[in-house]
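Output the structure for:
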Amino acid sequence: SKTDKPAVQPENPNPSGTESVTIYVPDEQGETLTPTGADAKDDSDQSLVDALIAAGSLPEGVKVQSSSLENGTLTLDMNAAFGEAIRASGTAGETLKIYALVNTFAQARGATAVLITVDGKVLESGHEVYDYAIEPNN
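Alright, predicted model coming up:
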């Protein structure tokens, strides 16, 4: 009979109501990103960003203002704190922050590329103008 099969895991085995997500975290040398399991409050955009902040991939205060997925490209509109963090980083730190966001969101949302804007405008750092969708490098 069907009743004696082993109990299946409940949908959310974590009683605190968090969910496990994969985020990308810089290694100790700050040279590469490693996919790492983390607990997020839920599957919202901000919870993913909060998990990245908690892991040290992004600075405090970074927020996602909106997101939309179209034809495999996810557009993330970030707040000014993200743009400031990017501009305050050296080239290596800038790349790590960008890809921490891109890799994490591409994986979580099933996107093939991520276009990042800040307050609805093109993200520009001292090194690069990100007026294109970025493909994850994982």
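
Show me the helices in this structure, by range?
45-54, 80-87, 91-109 (DSSP state H).

From what I see, Tyr24 and Ser57 are in contact.
Yes - here Tyr24 reaches Ser57: they are 6.5 Å apart, a contact under CB atoms under 8 Å. For the C-beta atoms, the positions are set from N, CA and C on the backbone; glycine is no exception.

How much space separates the closest residue to Ser66 other than its chain neighbours from Gly126?
Nearest non-adjacent residue to Ser66, counting by CB to CB, 6 or more residues apart in numbering: Asp77, 4.6 Å away. According to CB to CB, to the nearest Å, Asp77 and Gly126 sit 21 Å apart.

Between the two, tell me which one has more neighbours.
Per other CB atoms under 10 Å, whichever of Asp77 and Gly126 has more neighbours is Asp77, with 20 against 11.

give the contact list for that one.
Shown in contact with Asp77 (CB atoms under 8 Å, 6 or more residues apart in numbering): 64-67, 117-120.

one more time with 6 Å, if that's ok
Shown in contact with Asp77 (CB atoms under 6 Å, 6 or more residues apart in numbering): 65-66, 117, 120.

Show me what it is bridged to.
Counting by DSSP bridges, Asp77 is bridged to Ser66, Thr117.

now it: how far from Gln65?
5 Å.

Also Glu124?
Taking CB to CB as the measure, Glu124 falls 17 Å from Gln65.

Kindly report the same for Pro59.
From Pro59 across to Gln65, the span is 16 Å (CB to CB).

Out of the helices of the chain, the one nearest Asn71 is which?
Smallest distance to Asn71 across the helices of the chain (CB to CB): 12.8 Å, for helix 91-109.

For the residue nearest to Gly56 when sequence neighbours are not counted, give me its contacts.
Closest residue in space to Gly56, ignoring its immediate chain neighbours: Val25 at 6.9 Å, by CB to CB, 6+ apart. Listed by CB under 6 Å, 6+ apart, the contact set of Val25 reads 34, 36, 55, 57.
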